[in-house]
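Colleague: sequence unknown, structure follows:
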Ligand code: WTA
């Protein structure tokens, strides 16, 4: 048993004491409608809602605040103008520390958002249109999201590290006719050809969805092609005229964000306006315990949900100052994070265990050579944090002064769900902690029996919360199938989880065919589809295996067409092929050429066996007698690549 670490007393004042947490949590589950209607007042509504939740999980229909009307750009920007026009809203720290940083006050942010919204209008963007955003981590990425929200357009941000193929699929799936991009991005000193990737994607996607307009933001000044009539520089369309915020229904869509699942193509998870707004505003306030004047830094890219909720919406709803970082933790050296902390006097940092582990490996001197005196709170998100990395974060980075919050949540949950609160709870290294207000976790066994008390099982949530995703864009049946059919009447998270005697939750990782590589969700099926697209590949099965830095690595079993050899050349070619199809984050760590995959006599691949071999735990393979070719297992163990 890992012992609790008392919350450092340096943490004061706080938005939530232990007593307040207990009382508020109780109210949030006993009278959820009253509780959330009160929290909804954190936002400014054109028409205040009188209805809280109206939801059911069987059949699945989820609504919150449905009679309310609001606009989230107004809430993130305009409504702060009377008091905060001169408060810094966003700080930009460039990839290259020698380049100039930049910041926008709320007043300046308002102007930038209006200018971009007017440009989008001229392109033809209107309420309900989907707009794909494919941007580097620059302020215009956040501005683009807010400009869409202002017009009532639905943004679909695609991570700038995805390939043209992956981008094309996401443009097509939501029928997006507009793209916002930059000439190029910069990461760790390397240029990312964003506009060229958009061009390539549009050539691929041309038939299904004609993209009418591409808005291009100049960033590096690199040479790009502009297609006459389709592509426009922001400056050529932007204008300062008045651009009022659209009045949106609470349940109007705000954004689509693609995420990987156990099967098929990535799903377009859909979030709506009112509930997502209330959830991100409330979680940001209590979980990060933000105090006016502080600088908040979430290191996630806006291409992921963490960037949506805690680089852009959550902080801005709270009139906070948020840092947008273009670079990576190890450029120009492994002390960059702490340089940025010192330079901008960051008080709260929110990052992923993979970054913490990578920095830990490089030695303490990169940290201790920087002051970090401004730091007050340390956050972790995206994957389970191992206690050793937690300890290093707490002891070395935070010098024991700063509480660590380990926040469990998902693209589908909109914002944080399980975490300790910095002023209310003791911490346990490796445990996310306790449910946030309104969150009702439940553990069930594989048959769906509810497990009480200290126990381990599959993590479900039994009651809706405002930030919950409403559907999968264009495929509600898939939404129902994926999340509500394994255990009918409950939302199934796909995660395994332990609960201890203090009621603390310990996420153990995915129990489905999703792997978590450096905090990025990757569907093994997606990597398999990419591999079998290669002319020499007959079959592929992909599983995760423990990886020191990435949390999980990508282990691919590949069978080749007759007459092909598994040479080193082909190995490199397959890795490059997957990068091209999906993007660098999907690059296989290990490719294991095999003459067959373990299948049952009915042809089903026994992934359990493949997982065990990849984990190097082939001592416990379980029953292999149902295999069509039991001798294959010996050959797979013999040829295993993770020794
Ligand atoms: C994992 C990221 C353990 C989990 C916000 C979840 C975590 C998936 C944690 C969602 C955490 C996220 N501890 N595991 N603190 N946070 N996860 O959609 O497996 O990119 O299901 O959302 O990441 O990943 P997603």
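Modeller: In hand now; what should we look at? The structure presented is a predicted model; accordingly, all values stated were derived computationally and were not measured.
Colleague: sec struct for residue 27, please.
Modeller: Under DSSP: H, G, I helix; E, B strand; the rest coil, residue 27 falls in the helix class.
Colleague: One more: residue 179?
Modeller: Three-state call for residue 179 (three-state DSSP): strand.
Colleague: can you pull the contacts of it?
Modeller: Neighbouring residues of residue 179 by CB atoms under 8 Å, 6 or more residues apart in numbering: 131-134, 171, 198, 202, 211, 213-215. C-beta coordinates here come from the backbone N, C-alpha and C atoms, glycine included.
Colleague: Can you tell me which of those residues end up in helices?
Modeller: Applying DSSP state H to the contacts of residue 179, the entries found in helices are 171, 198, 202.
Colleague: I'd like to know which of the contacts of residue 179 is nearest to residue 318.
Modeller: Using CB to CB, the shortest approach to residue 318 within these belongs to residue 133, at 22.6 Å.
Colleague: How many residues are close by that closest one?
Modeller: Residue 133 sits with 25 neighbouring residues when counted by other CB atoms under 10 Å.
Colleague: Numbering from 504 from now on, please.
Modeller: Sounds good: first residue 504 from here, last item residue 636.
Colleague: Just put the contacts of residue 682 in CSV and tack on pLDDT and distance to the ligand.
Modeller: Listed next are those as CSV, based on pLDDT from 0 to 100; distance: CB to the nearest ligand atom, whole Å:
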residue, pLDDT, distance to the ligand
634, 98, 21
635, 98, 19
636, 98, 17
637, 98, 18
674, 96, 21
701, 98, 24
705, 95, 27
714, 95, 27
716, 98, 29
717, 98, 27
718, 98, 27
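Colleague: Show me which of the ones in helices among the contacts of residue 682 are buried.
Modeller: Among those, the ones that count as buried by 16 or more other CB atoms under 10 Å are 674, 701, 705.
Colleague: From residue 759, how far off is the last one?
Modeller: The gap separating residue 705 from residue 759 is 18 Å, by CB to CB, to the nearest Å.
Colleague: And residue 592, by the same measure?
Modeller: According to CB to CB, residue 592 stands 25 Å off from residue 759.
Colleague: contacting residues around residue 969?
Modeller: 539, 543, 556, 567-568, 777-779, 781-782, 917, 941 are the contacts of residue 969 under CB under 8 Å, 6+ apart.
Colleague: Return the closest of these with respect to residue 1105.
Modeller: residue 917 (39.8 Å).
Colleague: Name the SS class of residue 942, please.
Modeller: Following three-state DSSP, we place residue 942 in the coil state.
Colleague: picking up where we left off before, looking at the contacts of residue 969, which one is closest to the ligand?
Modeller: residue 917 (9.7 Å; CB to the nearest ligand atom).
Colleague: Closest residue of the stretch 754-903 of the chain to the ligand?
Modeller: Closest point on the stretch 754-903 of the chain to the ligand, by CB to the nearest ligand atom, is residue 887, at 3.9 Å.
Colleague: From what I see, that residue and residue 1054 are in contact.
Modeller: Yes - applying CB atoms under 8 Å, one finds residue 887 in contact with residue 1054, separated by 7.3 Å.
Colleague: between these two, what contacts are shared?
Modeller: Residues within reach of residue 887 and of residue 1054 at once, by CB under 8 Å, 6+ apart, are residue 856.
Colleague: So for those two, which sits in the more crowded spot?
Modeller: Applying other CB under 10 Å to residue 887 and residue 1054 shows that residue 1054 carries more neighbours, namely 25 against 21.
Colleague: Which positions in the protein make contact with the ligand?
Modeller: Residues of the chain found near the ligand (CB under 6 Å from any ligand atom) are 762, 807-809, 884-887, 909-914, 935, 996-998, 1010, 1013, 1019, 1024.
Colleague: just to revisit the earlier point, which non-adjacent residue is nearest the residue of the stretch 754-903 of the chain closest to the ligand?
Modeller: Residue nearest to residue 887 in three dimensions, not counting chain neighbours: residue 1010, with 5.3 Å by CB to CB, 6 or more residues apart in numbering.
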